[in-house]
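In: My questions concern the predicted model and sequence given below.
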Amino acid sequence: EAGVAQSPRYKIIEKRQSVAFWCNPISGHATLYWYQQILGQGPKLLIQFQNNGVVDDSQLPKDRFSAERLKGVDSTLKIQPAKLEDSAVYLCASSFSGTGGAETQYFGPGTRLLVL
Amino acid sequence: AQSVTQLDSHVSVSEGTPVLLRCNYSSSYSPSLFWYVQHPNKGLQLLLKYTSAATLVKGINGFEAEFKKSETSFHLTKPSAHMSDAAEYFCVVSGSGGGGSYIPTFGRGTSLIVHP
């Protein structure tokens, strides 16, 4: 089966610009996750969707970050305006349902963002 | 609230010697626990997961982990390290976020270095 797809793979922008990332989860997976992974740290959950509803967005900086999951499939994560500290790898993952505790997450390759 | 602590940022072993990567967790609920591996320039991949069926969990590539509730630990071990095991390892706790969904929290990661 096809894995989690993300685009773009790399992005370089100036601070105060906006940027958007796209994720296509594994077909049939109800739960979609966006993570921010800063160099040398573990992934930090930004937002978790189940179908097109938000399960958790407690760590999403809502003044500049937004995310949506249209029709419960693809998702976009947007940053506007970007700051230097947003330089990181943005990971998308999906899991089958998200309600079972031992759900395996399947990760995409990530988008590496550099803010200058 | 939940948290996970990976006690070592780096672990260095010689090829053929045992591997021990330590993880302690804190959770208000009976959590699910995972180990993921991230090889350089590759996506995150599940190594193993604790589902409450058995406290000793076997994963891929000869890794295993033991869930010890009394010690709130989930340490990862392998009897004999291979050069290909060199990677970043993440311990993950997933506890109930309410509404039947589970919210994952990643540790900061442990870098495993394997010397020939």
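Out: Cool, got the structure. Note that the structure is a prediction, hence the values are computed from the model and not measured.

In: Spatially nearest residue to B:Pro96 (excluding sequence neighbours)?
Out: One thing to correct before we go on: residue B:96 is Ser, not Pro. Leaving aside its chain neighbours, B:Ser96 sits nearest to B:Tyr29 (4.7 Å; criterion: C-beta to C-beta, 6 or more residues apart in numbering or on different chains). All C-beta atoms are positioned from the backbone trio N, CA, C, and that covers glycine.

In: sec struct for that neighbour, please.
Out: Secondary structure assignment for B:Tyr29 (DSSP: H, G, I helix; E, B strand; the rest coil): coil.

In: and what of the one 5 residues further on?
Out: Secondary structure state of B:Phe34, per three-state DSSP, is strand.

In: Run a quick neighbour tally on it.
Out: For B:Phe34, the neighbour count with other C-beta atoms under 10 Å in any protein chain shown is 28.

In: sorry, back to before: so the residue nearest to B:Ser96 sits against B:Gly95, correct?
Out: Yes - with contact defined as C-beta atoms under 8 Å, B:Tyr29 and B:Gly95 form a contacting pair (4.7 Å).

In: So what's the predicted local confidence for the residue lying closest to A:Pro81 once chain neighbours are set aside?
Out: Among residues not flanking A:Pro81 along the chain, A:Arg16 sits closest, at 4.3 Å (C-beta to C-beta, 6+ apart). pLDDT, A:Arg16: 97.

In: How much space separates B:Ser32 from B:Val57?
Out: Per C-beta to C-beta, to the nearest Å, B:Ser32 is found 11 Å from B:Val57.

In: Show me whatever sits in contact with both of those two.
Out: The contact sets of B:Ser32 and B:Val57 overlap at B:49-51 (C-beta atoms under 8 Å, 6 or more residues apart in numbering or on different chains).

In: I'd say B:Trp35 and B:Leu76 touch.
Out: Yes - between B:Trp35 and B:Leu76 there is a contact under C-beta under 8 Å: 5.1 Å.

In: Quickly list what's touching both of these two.
Out: Both B:Trp35 and B:Leu76 are contacted by B:21, B:23, B:47-48, B:63, B:65, B:89, B:91, under the criterion C-beta under 8 Å, 6+ apart.

In: I'd like to know which of those residues are buried.
Out: B:21, B:23, B:47-48, B:63, B:65, B:89, B:91 (16 or more other C-beta atoms under 10 Å in any protein chain shown).

In: So which of the residues you listed are in helices?
Out: Using DSSP state H, no member of those falls within helices.

In: check which helix or strand covers the residue nearest to the spatial centre of chain A.
Out: By C-alpha atoms, centre = their mean, the mean C-alpha position of chain A lies nearest to A:Trp34, the distance being 2.6 Å. Secondary structure assignment for A:Trp34, by DSSP states H and E: strand A:31-37.

In: Output the contacting helices and strands for that strand.
Out: strand A:44-50, strand A:75-79, strand A:88-95, strand B:101-106 (3 or more C-beta pairs under 8 Å, 6 or more residues apart in numbering or on different chains; DSSP states H and E).

In: can I get those strands in JSON lines with distance to B:Gly16 and mean neighbour count?
Out: Output for those, formatted as JSON lines (distance: least, C-beta to C-beta, whole Å; neighbours: other C-beta atoms under 10 Å in any protein chain shown):
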{"stretch": "strand A:44-50", "distance to B:Gly16": "35", "mean neighbour count": "21"}
{"stretch": "strand A:75-79", "distance to B:Gly16": "43", "mean neighbour count": "20"}
{"stretch": "strand A:88-95", "distance to B:Gly16": "33", "mean neighbour count": "24"}
{"stretch": "strand B:101-106", "distance to B:Gly16": "30", "mean neighbour count": "22"}
